[in-house]
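Visitor: Curious how this folds, go ahead:
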Amino acid sequence: MLLCDGGSSYTKIFDTENNNYTIIPTKELAGENRYWFDYATGYVLKKKRGKFVNQLITIAEGALRMVKDKGFTVLDIGGRDTKFVTFKDRNLWNLNWNTSCGGNMGFIVEILGNYYNIDFDKLEPVNESVPVACGLLGIEKVFDEINSGFKPEIGIAKFLHGMAKNAWHFAGKPKKVYLSGGFCMNRCFIKTLEKYCEIESLGRFVPLVGLQKIANEENIDA
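Guide: A predicted model of the protein is given here:
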């Protein structure tokens, strides 16, 4: 089976026969017929998939397989939105999906990083932050910072701080966050979020882990 987590910027694929993960730019899926996905989540094109599963469900199922704690919060920040799932005694307690206050955060960070040639492994976190209501509005704050004389690195680090603070508040201010998604690869973001809570990264494939669990259970029962 081919399983797919279709992000707005990147699509993650898991081939169950080869036990192989692949990441490709989502734009490469448009207009080509290489892939047909048996199970999919995220924003994958409807004509390229069989069964679709809501991404919050796949994140929850994946997290339960990867985390052994009885109570915990998973925070997933993608290119387009921010999501969290909270468990108590291994039972679902709370979850939410934010496409406004968490909208386009990852997408804007990628644009800024590419435009200013930022190495996020070397970018240092800062104590100051800019208010981030959404990615599209937050980018104006970054340009304001740069136009005021700050280096682009400082403006972007302030944006990441505002983004981290906003995401932590959105998730309910947990003492510990299990981080899911592409920002597991962003050192500056993680170091900034650590100002507010303990962080453990789960990587980019949590929804695929959950999707595999769902697919396996349904095929066993069939």
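Visitor: helices and strands of the protein: which one has the lowest mean pLDDT?
Guide: helix 135-147 (a mean of 73; mean pLDDT, DSSP states H and E).
Visitor: just checking, what's the longest helix in this protein?
Guide: In the chain, taking DSSP state H as the definition, the longest helix is helix 152-170.
Visitor: and residue 194, what are its phi and psi?
Guide: In terms of degrees, to the nearest 10, the main-chain angles of residue 194 are phi -70, psi -10.
Visitor: and the residue nearest to residue 26 when sequence neighbours are not counted, helix, strand or coil?
Guide: Ranked by Cβ to Cβ, 6 or more residues apart in numbering and with sequence neighbours excluded, the top spatial neighbour of residue 26 is residue 11, at 4.7 Å. For the C-beta atoms, the positions are set from N, CA and C on the backbone; glycine is no exception. For residue 11, the assignment made with DSSP: H, G, I helix; E, B strand; the rest coil gives strand.
Visitor: Can we start the residue count at 829 from this point?
Guide: New numbering, starting at 829: the last item is residue 839.
Visitor: Which strand residues bridge residue 839?
Guide: residue 834, residue 852 (DSSP bridges).
Visitor: Kindly report the same for residue 920.
Guide: Under the criterion used (DSSP bridges), residue 920 bridges to residue 915.
Visitor: elements contacting the longest helix of the chain?
Guide: strand 900-905, strand 910-916, helix 933-943, helix 963-975, helix 1015-1021 (3 or more Cβ pairs under 8 Å, 6 or more residues apart in numbering; DSSP states H and E).
Visitor: wait, which of the ones you listed is closest to residue 885?
Guide: For residue 885, the closest of the helices and strands packed on helix 980-998 is strand 910-916, at 9.2 Å, according to Cβ to Cβ.
Visitor: Can you give the distance of that closest one from its chain's centre?
Guide: 12 Å (Cα atoms, centre = their mean, to the nearest Å).
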